[in-house]
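A.B. asks: take this sequence and fold it.
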Amino acid sequence: MGHDHGHDHTHGANKKVLAISFIIITTYMIIEVVGGFLTNSLALLSDAGHMLSDSISLGVGLLAFIFSEKVANYSNTYGYKRFEILAAVFNGILLILISLYIFYEAFQRFMEPSEVASGGMLTIAIIGLMVNIAVAWILMQGGDTEENLNLRAAFLHVLGDLLGSVGAITAALLIMFFNWGWADPLASVIVAVLVLISGWRVTKDALHVLMEGTPKNVDLDDIVYTIENLPEIVNIHDLHVWCITSGQNALSCHAVVNGDLSVHESEQLLQTIEHELEHKGIGHVTIQMESEKHPHDERLLCNHEFEPQGEQ
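C.D. replies: Predicted structure coming up:
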């Protein structure tokens with residue numbers, strides 16, 4: 001129960017910081033879009049475009065947190081918590097598409113340079129930088145940007161936009177003092193590379209969860225050792241560890257016990273295993289107890305022994 005309470009508290013905090021960040025980003029995004037068109041700056045427009053994606057990603061992330069609060073039912077026995085992971089996939093792909101579009105626009109500007117109102121560009125970019133720093137700080141301080149994929153995806157959008165503002169400021173100064181018009185599309189390309197890397201990483205991590213891969217914070221060898229090191233356990237097989245959503249890992253396996261255990265002894269053994277695994281990042285445990293006489297040969301999955309990662 002303590003684990004669930006802690007998750008609910010984090011969930012509420014994440015939802016709150018997303019809501020605040022969404023309002024701030026959306027408000028300034030409108031200002032920056034107008035400023036980008038008025039100053040004819042690609043760096044500023046690309047920064048505004050990425051801020052638009054920030055607004056969308058924060059909105060999608062917020063909706064995902066709201067949907068994930070729906071209770072489980074017969075159709076969705078785990079509830080709707082995977083909405084958070086789907087939002088992370090959406091945001092990761094959006095980051096990739098935005099970076100590709102910026103690459104295209106920058107190429108056009110390299111081929112056909114245009115005049116840029118560097119003074120207005122500098123002013124708007126500085127304000128944008130301050131806005132992004134404020135939002136990034138809110139997300140880092142109030143939310144779980146390390147473990148929660150949905151919030152991390154939204155944070156990466158804001159971080160990329162922050163770097164975009166830095167690029168726009170640098171380009172504006174180079175244009176003002178050295179008349180280097182190419183600095184505007186070059187700054188956009190640099191930011192696009194960073195955005196592309198962030199988008200790829202968060203998309204890959206989210207797809208890993210959807211494929212029910214082993215959570216990155218779980219050491220399977222350690223899990224096997226912890227369970228099989230108990231005197232009542234002979235060995236385990238058909239081991240599966242997956243992530244339901246960020247911060248909620250689950251495990252199921254078959255455990256061969258040494259001798260015939262009474263109901264009370266089996267319950268005590270299960271409680272011991274659950275207690276040990278909770279400290280290793282596993283909050284939901286399902287174990288089927290079996291005797292050494294239990295047949296496995298023709299049973300689905302029962303004859304699939306766990307293969308350590310080093311032997312794959």
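
A.B. asks: give me the most central residue, this protein.
C.D. replies: By CA atoms, centre = their mean, the chain has its centre lying nearest to Leu149, at 1.9 Å.

A.B. asks: which one is that residue nearest to, not counting chain neighbours?
C.D. replies: Ala88 (4.1 Å; CB to CB, 6 or more residues apart in numbering). Where you see a C-beta, it was placed from the backbone N, CA and C, and this is true even at glycine.

A.B. asks: re earlier: these two touch, right, the residue nearest to the centre of the chain and Ser246?
C.D. replies: Yes: applying CB atoms under 8 Å, one finds Leu149 in contact with Ser246, separated by 4.8 Å.

A.B. asks: next secondary structure element downstream of the longest helix belonging to the chain?
C.D. replies: What stands out as the longest helix in the chain, according to DSSP state H, is helix 2-39. Next along the chain after helix 2-39, taking DSSP states H and E as the criterion, comes helix 42-68.

A.B. asks: next, the angle from that next one to helix 2-39.
C.D. replies: Per axes from the mean of the first three to the mean of the last three CA atoms, to 10 degrees, the angle that helix 42-68 makes with helix 2-39 is 150 degrees.

A.B. asks: helices and strands around helix 42-68, which ones?
C.D. replies: helix 2-39, helix 83-111, helix 118-142, helix 149-178, helix 183-210 (3 or more CB pairs under 8 Å, 6 or more residues apart in numbering; DSSP states H and E).

A.B. asks: distance from the chain centre to the second one, please.
C.D. replies: Read it as helix 83-111. 16 Å (CA atoms, centre = their mean, to the nearest Å).

A.B. asks: just the buried positions in it, please.
C.D. replies: By neighbour count on 16 or more other CB atoms under 10 Å, the buried set for helix 83-111 is 83-96, 98-99, 102-103, 105-106, 109.

A.B. asks: stretch 228-236 too?
C.D. replies: Buried residues in stretch 228-236, defined by neighbour count with 16+ other CB under 10 Å: Glu232, Ile233, Ile236.

A.B. asks: among those, which one lies nearest to Val71?
C.D. replies: Closest approach to Val71 among the buried residues of stretch 228-236 (CB to CB): Ile236, at 32.1 Å.

A.B. asks: if I look at the closest one, how far off is Ile223?
C.D. replies: Separation of Ile236 from Ile223 (CB to CB, to the nearest Å) stands at 9 Å.

A.B. asks: before we move on, what about Ser53?
C.D. replies: According to CB to CB, Ser53 stands 38 Å off from Ile223.

A.B. asks: for stretch 77-90, measure first residue to last.
C.D. replies: 23 Å (CA to CA, to the nearest Å).

A.B. asks: got any ranges where the stretch 1-150 of the chain has weak pLDDT?
C.D. replies: Low-confidence segments of the stretch 1-150 of the chain (pLDDT under 70): 1-11, 41-44, 46-50, 114, 116-117, 144-145.

A.B. asks: shared neighbours of Leu149 and Ser246, anything?
C.D. replies: Here Leu149 and Ser246 share the contacting residues Glu84, Ile85, Val209, scored by CB atoms under 8 Å, 6 or more residues apart in numbering.

A.B. asks: now the residues you listed as JSON lines including distance to Glu290?
C.D. replies: Shown next, in JSON lines, are the shared contacts of Leu149 and Ser246 (distance: CB to CB, whole Å):
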{"residue": "Glu84", "distance to Glu290": "35"}
{"residue": "Ile85", "distance to Glu290": "33"}
{"residue": "Val209", "distance to Glu290": "30"}
